[in-house]
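A.B. asks: Predicted coordinates and the sequence they were generated for:
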Amino acid sequence: HSHPPQSQTKLMTSILQSSQSLTLSAADAMADAAIAAVSDLRTHKPMCVTVLDAAGGIIVQKRMDGCPDGAYRQFSYAKARTCIHLQSSSRTFREKYTGSGEAAKFTQAASMVSIMGGDLVPVAGGVLIRSGDGATVGAIGVSGAAADEDEYLAWKGVQAVKARGDLATVPESHCCKTLK
């Protein structure tokens, strides 16, 4: 049994990359903070929140009492998956393909959603989470309120743990106008 020469070892390590992802503790705190932030809204709406790791796997999914199972659970997941797949927010996906009103772009967005089997949704409410060095570490998606409110709740979830680690969000801020 022999070890590879040092030059070969160097080559092998240069083809590997490391990745970081959110911990269960951080994901759980984000989900709890998103749920708590519902009280910031003028109208209380039960919602579902999904927090994904950097690869798009579910770490935490919580559904508030009174939030129907099914659609909102799937919507929150799809919003977060959109962020992971496109490395942006779900709002950005919507604006890029539907903002101009061009039929060709709308058709492209619809085709992308179809090809991805429902893992993409051009609706605000998904927030991409990056480490301080810009690497994607996860995403959070919320569904159950209006799209701007969903995005606010997702964004608030990340803000709750930002102090525990160097995190950035896409989008950097929210545009919700229905806060108390």
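C.D. replies: Structure's in. What do you need? Numbering: from 1, shown residues only.

A.B. asks: residue nearest the centroid of the chain?
C.D. replies: Ala139 (2.7 Å; Cα atoms, centre = their mean).

A.B. asks: where do the strands sit along the chain?
C.D. replies: Here the chain has its strands, by DSSP state E, at 48-53, 58-63, 126-131, 136-143, 167-170.

A.B. asks: can you count the residues close to Ser88?
C.D. replies: Per other Cβ atoms under 10 Å, the neighbour tally for Ser88 reads 19. Where you see a C-beta, it was placed from the backbone N, CA and C, and this is true even at glycine.

A.B. asks: Same check on the one 4 residues further on?
C.D. replies: For Thr92, the neighbour count with other Cβ under 10 Å is 20.

A.B. asks: same check, this time on the one 3 residues further on
C.D. replies: As a burial measure, the neighbour count of Glu95 was computed by other Cβ under 10 Å and equals 14.

A.B. asks: go on, Phe106?
C.D. replies: Phe106: 15 neighbours (other Cβ under 10 Å).

A.B. asks: Can you tell me how far it is from Ser173?
C.D. replies: 27 Å (Cβ to Cβ, to the nearest Å).

A.B. asks: picking up where we left off before, spatially nearest residue to the residue nearest to the centre of the chain (excluding sequence neighbours)?
C.D. replies: Using Cβ to Cβ, 6 or more residues apart in numbering and skipping the chain neighbours, the partner closest in space to Ala139 is Cys83 (3.7 Å).

A.B. asks: Please list all residues in contact with the one you found.
C.D. replies: Contacts for Cys83 (Cβ atoms under 8 Å, 6 or more residues apart in numbering) come out as 52, 89-90, 126-128, 139, 141, 170.

A.B. asks: Now Met112. Nearest residue, chain neighbours left out?
C.D. replies: Per Cβ to Cβ, 6+ apart, closest to Met112 is Leu120, 5.6 Å.

A.B. asks: quick one: contacts for the one you found?
C.D. replies: By Cβ under 8 Å, 6+ apart, the residues touching Leu120 are 78, 81-82, 85-86, 93, 112-113.

A.B. asks: cool, Thr178 as well?
C.D. replies: By Cβ under 8 Å, 6+ apart, the residues touching Thr178 are 41-43, 146, 148-149.

A.B. asks: what do you get for Leu22?
C.D. replies: Leu22 touches 30, 51, 53-54, 59, 129, 137-138, counting by Cβ under 8 Å, 6+ apart.

A.B. asks: Check the residues you listed and tell me the two furthest apart.
C.D. replies: Spatial extent of the contacts of Leu22 (Cβ to Cβ) is set by the pair Met30 and Ala54 at 14.1 Å.
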